[in-house]
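In: could you look at this predicted model? Sequence included:
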Amino acid sequence: MKTADLKHDSAIKHVTGQSVYVNDITANRQLVGRVVYSPEAHARISLLDIKAASKLNGVVAILTHKDIPGINQMGPVIHDELCLAIDEVTFIGQAIVLIAAETEEAAFKAEKLIRIEFEELDTILDLHEAIAENSLIAPPRLIECGNVDETLLSAPHVISGELESGAQEHWYLETQSALAIPGEGKEMLIHASSQNPAETQAIVAEVLGIAKNEVDVEVRRMGGAFGGKETQGNHVAAWAALLANATRRPVGIHLFRDDDQKITGKRHRFLSKYQIGFNDEGKIIVYSVELNSDAGAATDLSRAILERAMLHAENSYFIPNVRIVGNAFRTNLPSNTAFRGFGGPQGMVVIETAVDKIARFLKKDPAEIRKLNFYGISQKNITPYGETIVNNHLHLMYDQLLASSGYKERRLQIAIFNTEHEFVKRGISLTPVKFGISFTTAFLNQAGALVNIYNDGTVAVNHGGTEMGQGLHTKMLGIAADELGVSPELIKISPTNTSKVPNTSATAASSGSDLNGMAVKNAIDKLKSRLTEVALDELKSKLKTDSILAVQIVFADNSVFAVSHPDTKIPFGELVKLAYLKQISLSATGFYKTPGIYFDRELGRGNPFYYYAYGMAVSEVEVDVLTGESKLLRTDILHDVGDSLNPEIDLGQIEGGFIQGVGWVTTEEIKWDKKGHLLTHSPDTYKIPTVNDIPLHFNVELLSGYPNEGTIRKSKAVGEPPLMLAFSVWLAIKDAVSAVENHEFEPAFSLPATAEVVLKSIEEIKKMRLGVRS
Ligand code: MTE
Ligand code: MOS
């Protein structure tokens, strides 16, 4: 079996219930941890009384900010996020009090007995208000090239507009969870559901006021994360650690779904304003965009997310004059955070809507306008931030997908269908994705690994990446097996643990396999060079020759041999035993850092990305004109993953990412009431895609024949880019809406395009028709 065909390591375990999540781990004398959080969006705490609750039977500890032995902070990059509120709360869901109790029932009762009184303060609950109040959370950012102001004045056509894109709830199946187990002295072990164990370790150490070497964080797997556990998995870990430290007993916190949705941050809402200038042919000559994001009450990752939005503002298009302004605003909502795409989707959707408008204005096929503006191969290939695009696959993917999806013929068929149907309309759209791979904070692009070979010939691989369902561990297993030339059954990927590989970066930015794959290979290379020496001695004496060189030694088929003498093989297990007896170390660490990337934030220039991943999608939808409901009929995707590390897993990532994007652009609408209470905090009001939302015809193909030089096994990252392929669905819906009045008017449209938005949009263009007639 090829290691590229390895099944996801959890495939059997998940469906048979054997996979272990944090909440499946129990410790002796474990307590239940509960978080009491603010019901007010912005208020002064005028009274906090825990006396009655403390006396309750079964309650072991009740903690407030005064009981934090270390620093009262859990902000990941900027320390502006309190672990427990002091005398003011700034969002609904902010933790105020922690309870440790013998039972869940006791914890609930205690919560009811805690008295907290508030004096309400003024709130900012939406972006319009935040912009009016100029409640910037960080200085504005700018990326600029060419001459924007002059070109806007001289451009033959200029369209300006505004676009709102909505928040999105992560809806990982495993809610935020942590189990903290105190050890000897100051030691603390955390079983975490965190994409970033090293940061969980740092935050736990800080709130407890102890050193990092006292804290071990272990992550077996997450039941989904999608960016929601890049920083916010730290919070439950810090709270559980505080309770475990105070009680000296293990404490588990496992948030209820509703609590999780209310207190954690989401994808950033954006309100964006743009002007786009173009010629009669449809060539874009100037683009000016202001991206405004809702950061929530604290900074969290908002700066980096805004940066990625800005670095994706032009998507796949070469534009000579560009100005991108980025603002992140503070509001009284839970701090918004990473979500698959990390701002990229919010930046890209603005240019995609603008390009669509250009096509409608010129009465041309939007796909053709897109192609016309794609980055060039050897010229017109410099991004607004100065990075030169090499290995641009956009043009060849466009040709391939246009043909395989039958785009042109289907557009004609749809036009006919629409003339024949009054109450249902169909629409189609092709959209491209170009997504930069690397952390834009350059130093984060590093990874480590620890590989142990035991003297029974089995191997344990530990690396800094975490498994959240994306199949990273399976890919690492494949790489380790191939590099060592042994069967995967001999190798185990152990849980991620901060004591095995220190100072790791979050498993994020889709770069988990790029970074950790290279680190694993580096560790194995070291072990192989040691084992090669042993093999050389052994083969020389067996074959009675001195003429074998180290470069001739091959590790394959669970054995080691010289290419010149392939019949004389040393079984891998035997070689390992020999090495052990010869007192050779069978353990090695590995390390990798991405070469040649940098970015100057002040100048807005640099080479932030090691390479780009490309994808393209064609989607066709049908809209019910009377209800506004839409149905996704067919999607064709062509996606570039270089030489795939594991095609089944990559296809799963593409399908899953795309459908998650479809949710964001169609049904996933987050609403708060006027006081800042989340109204959509359970699956009955918050609609993520179900199996019925998967298109009936769903053709996903990997681009083949284009290896990505310079990465592990010439592969490309795949985790996030496919999410943005869902713009094809959003714009296909708009196309269907515009068909209601025969594409004569430009429908107003926002994201998500819920049935309500679609219906309003249809009503509006109908009115435009009446306006023309009257
Ligand atoms: N796939 C699954 N099944 N579950 C997840 O939580 N997270 C996504 C993506 N795919 C996620 C997923 C996000 S946000 C990222 S950044 C990448 O996986 C992270 O993993 P990678 O770097 O190994 O691709
Ligand atoms: Mo992914 S949003 O980078 O965790």
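Out: The structure has been received and is ready for your questions. Ligands and ions are numbered 1, 2, ... in the order given.
In: can you give me the helices for the stretch 501-650 of the chain?
Out: Remark: helices assigned in the stretch 501-650 of the chain by DSSP state H, counting those that start in this stretch are 512-543, 572-581, 647-665.
In: also the stretch 651-774 of the chain?
Out: 727-739, 755-773.
In: elements contacting the longest one?
Out: In this structure, helix 755-773 packs against helix 727-739, with contacts taken as 3 or more C-beta pairs under 8 Å, 6 or more residues apart in numbering; DSSP states H and E. In short, each C-beta sits where N, CA and C put it, glycine included.
In: low-scoring stretches of this structure, by residue?
Out: Within the chain, the ranges that satisfy pLDDT under 70 run 1, 773-774.
In: spell out which parts of it neighbour ligand 1.
Out: Selection of the chain residues close to ligand 1 by C-beta under 6 Å from any ligand atom yields 224-227, 340, 468-470, 472, 507-513, 653, 656, 717, 719-720.
In: got the helices of the stretch 651-774 of the chain as a markdown table, with mean neighbour count columns?
Out: Conversion of those to a markdown table gives the following (neighbours: other C-beta atoms under 10 Å):
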| stretch | mean neighbour count |
| --- | --- |
| helix 727-739 | 28 |
| helix 755-773 | 15 |
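In: before we move on, back to that, which of the residues of the chain next to ligand 1 come close to ligand 2?
Out: Near ligand 2, judged by C-beta under 6 Å from any ligand atom, the entries from the residues of the chain next to ligand 1 are 227, 340, 508-509, 720.
In: turn the helices of the stretch 651-774 of the chain into a markdown table, including distance to Glu88.
Out: As requested, those are exported to a markdown table (distance: least, C-beta to C-beta, whole Å):
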| stretch | distance to Glu88 |
| --- | --- |
| helix 727-739 | 39 |
| helix 755-773 | 36 |
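In: among those helices, which comes closest to ligand 2?
Out: Nearest to ligand 2, of all those, is helix 727-739, at 17.3 Å by C-beta to the nearest ligand atom.
In: dump the closest one to CSV, keeping only the CA atoms.
Out: Provided in CSV are the C-alpha atoms of helix 727-739 (Å, rounded to 0.1, in the frame of the first residue of the first chain):
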residue,chain,number,x,y,z
PHE,A,727,-17.9,32.6,-3.4
SER,A,728,-19.0,30.8,-6.5
VAL,A,729,-22.3,29.8,-4.7
TRP,A,730,-22.9,33.3,-3.4
LEU,A,731,-22.4,35.0,-6.8
ALA,A,732,-24.4,32.2,-8.5
ILE,A,733,-27.3,33.2,-6.2
LYS,A,734,-26.8,36.8,-7.2
ASP,A,735,-26.8,35.8,-10.8
ALA,A,736,-30.2,34.0,-10.3
VAL,A,737,-31.6,37.0,-8.5
SER,A,738,-30.5,39.3,-11.3
ALA,A,739,-32.2,36.9,-13.8
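In: by contact count, what packs against that helix?
Out: Contact analysis of helix 727-739 by 3+ C-beta pairs under 8 Å, 6+ apart lists helix 344-362, strand 424-437, strand 611-624, strand 630-639, helix 647-665, helix 755-773 as its packing neighbours.
In: just send these back as JSON lines, with distance to Ala481 too.
Out: Supplementary listing: these in JSON lines, determined by distance: least, C-beta to C-beta, whole Å:
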{"stretch": "helix 344-362", "distance to Ala481": "33"}
{"stretch": "strand 424-437", "distance to Ala481": "25"}
{"stretch": "strand 611-624", "distance to Ala481": "25"}
{"stretch": "strand 630-639", "distance to Ala481": "25"}
{"stretch": "helix 647-665", "distance to Ala481": "15"}
{"stretch": "helix 755-773", "distance to Ala481": "49"}
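In: report the contact partners of Ser272.
Out: 162-165, 289-292, 346, 350 (C-beta atoms under 8 Å, 6 or more residues apart in numbering).
In: kindly report the same for Phe599.
Out: Shown in contact with Phe599 (C-beta under 8 Å, 6+ apart): 385, 440, 442, 605-608.
In: what sits opposite it in the beta ladder?
Out: Phe599 forms beta bridges with Gly606, as assigned by DSSP bridges.
In: and the gap between it and Gly386?
Out: According to C-beta to C-beta, to the nearest Å, Phe599 and Gly386 sit 10 Å apart.
In: and the residue of the chain found nearest ligand 2, what does it touch?
Out: When scored by C-beta to the nearest ligand atom, the chain has Gly227 as its residue closest to ligand 2, at 2.8 Å. By C-beta under 8 Å, 6+ apart, Gly227 lies in contact with 170, 195, 267, 337-340, 342, 508.
In: what about stretch 715-732, distance to the chain center?
Out: With C-alpha atoms, centre = their mean, to the nearest Å as the basis, stretch 715-732 stands 12 Å off its chain's centre.
In: pull the contacting residues for the spatially most central residue of the chain.
Out: Of all residues in the chain, the one closest to the mean position by C-alpha atoms, centre = their mean is Arg340, 2.8 Å from it. Applying C-beta under 8 Å, 6+ apart, one finds that Arg340 lies in contact with 226-227, 657, 660, 719-720, 723.
In: so it, which of the three states?
Out: When classified by DSSP: H, G, I helix; E, B strand; the rest coil, Arg340 comes out as coil.
In: which parts of this protein sit against ligand 2?
Out: Contacts of the chain with ligand 2, taken as C-beta under 6 Å from any ligand atom, map to 195, 227, 230, 338-340, 342, 508-509, 720.
In: distance to Lys577 added to these, as CSV?
Out: Formatted as CSV, the residues of the chain next to ligand 2 follow (distance: C-beta to C-beta, whole Å):
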residue, distance to Lys577
Gln195, 39
Gly227, 45
Glu230, 43
Ala338, 46
Phe339, 49
Arg340, 46
Phe342, 47
Ala508, 40
Ala509, 41
Glu720, 44
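In: off-centre distance for stretch 291-307?
Out: Relative to the centre of its chain, stretch 291-307 is centred 15 Å away, using C-alpha atoms, centre = their mean.
In: that should have said stretch 43-58, apologies.
Out: Computed by C-alpha atoms, centre = their mean, the separation of stretch 43-58 from the middle of its chain amounts to 38 Å.
In: likewise for stretch 550-570?
Out: For stretch 550-570, the distance to the chain centre is 42 Å (C-alpha atoms, centre = their mean).
In: quick one: contacts of it?
Out: Residues from elsewhere that reach stretch 550-570, judged by C-beta under 8 Å, 6+ apart: 483-487, 490, 528-529, 531-533, 535-536, 538-539, 542-543, 547-548, 571-573, 575, 578.
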